[in-house]
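Colleague: just coords:
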């Protein structure tokens, strides 16, 4: 089985703000596009317009209606991808060493030439973050766009995961959690960032910022009332003349 490094030099990962994510799926589309068009082994996408479409995605967005007694129902969009866990069970369960965690930045990757597609890593991952490519017959997962973030041929602003670069709501943030002054570390501290399913003991690197509470409108307050109230009880001007004229006609308004 593959061994995890005792310590990594950096801890690159994502902070996802559930308060600002609008569920537009731009991150899903950009991830699919980058990894299909620029990746060495494109992600499977078979029978896309047929009766049995099959595709492999490294990032997905799930939407849930959340109801609580204290607040009105709200829709929460929940992006999900590999969390690049410190104690990654997908790595330690791999029989060939194909799954591994990098010492230099903590990113969890798959060496596809060594992957036999046994599916043990997908079985071990509590987050459902791995998918078997239907064409390549190997496991695929989020790479944090390792081929972008270190690519000096790209403009500096593009050296970030495709999902982060594309998000129109600014709900996704990328940085080094090993640096307490990084943007992701500060966001996590200031907004109370949380681990996904901490009871699993995987110590995920990626964090989620919980939705902020919404102020419930008081029942006695009607926000539309100022716009629905009549301008005047008795019409004046042209409307007043028209109202008086029509009232004189048979069957006109009284």
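Modeller: It's in. These numbers come from a predicted model, not from an experiment.
Colleague: Now do the strands in the stretch 51-200 of the chain.
Modeller: Here the stretch 51-200 of the chain has its strands, by DSSP state E, counting those that start in this stretch, at 54-55, 59-68, 71-81, 99-101, 108-110, 131-132, 139-140, 172-176.
Colleague: can you give me the offset of the fourth one from its chain's centre?
Modeller: Relative to its chain's centre, strand 99-101 lies at 23 Å (C-alpha atoms, centre = their mean, to the nearest Å).
Colleague: Against which helices or strands is that strand packed?
Modeller: Contact analysis of strand 99-101 by 3 or more C-beta pairs under 8 Å, 6 or more residues apart in numbering; DSSP states H and E lists helix 89-92, strand 108-110 as its packing neighbours. Placement of C-beta: from N, CA and C, glycine included.
Colleague: Quickly note the distance from residue 175 to residue 240.
Modeller: From residue 175 over to residue 240 the distance is 65 Å, taken as C-beta to C-beta, to the nearest Å.
Colleague: For the most centrally placed residue in the chain, which non-adjacent residue is closest in space?
Modeller: Central residue of the chain (C-alpha atoms, centre = their mean): residue 79, 2.7 Å from the mean position. Closest residue to residue 79 apart from its sequence neighbours, by C-beta to C-beta, 6 or more residues apart in numbering: residue 61 at 4.9 Å.
Colleague: Can you get me a residue count around the one you found?
Modeller: Residue 61 has 18 neighbouring residues, counting by other C-beta atoms under 10 Å.
Colleague: How about residue 25?
Modeller: By the measure other C-beta under 10 Å, the count of residues near residue 25 is 16.
Colleague: and what of residue 196?
Modeller: With neighbours defined by other C-beta under 10 Å, the count for residue 196 comes to 18.
Colleague: Is it correct that it is in contact with residue 83?
Modeller: Yes: if you go by C-beta atoms under 8 Å, residue 196 and residue 83 touch, sitting 6.3 Å apart.
Colleague: Pull the contacting residues for the residue nearest to residue 134 when sequence neighbours are not counted.
Modeller: Distance criterion C-beta to C-beta, 6+ apart; nearest residue to residue 134, sequence neighbours excluded, is residue 44 at 4.3 Å. By C-beta atoms under 8 Å, 6 or more residues apart in numbering, the contact list for residue 44 reads 54, 55, 56, 133, 134, 135, 136.
Colleague: can you pull the contacts of residue 116?
Modeller: 95, 96, 98, 138.
Colleague: pretty sure the last one is in contact with residue 118, am I right?
Modeller: So that's residue 138. No: look at residue 138 against residue 118 with C-beta under 8 Å: they stay out of range, at 10.0 Å.
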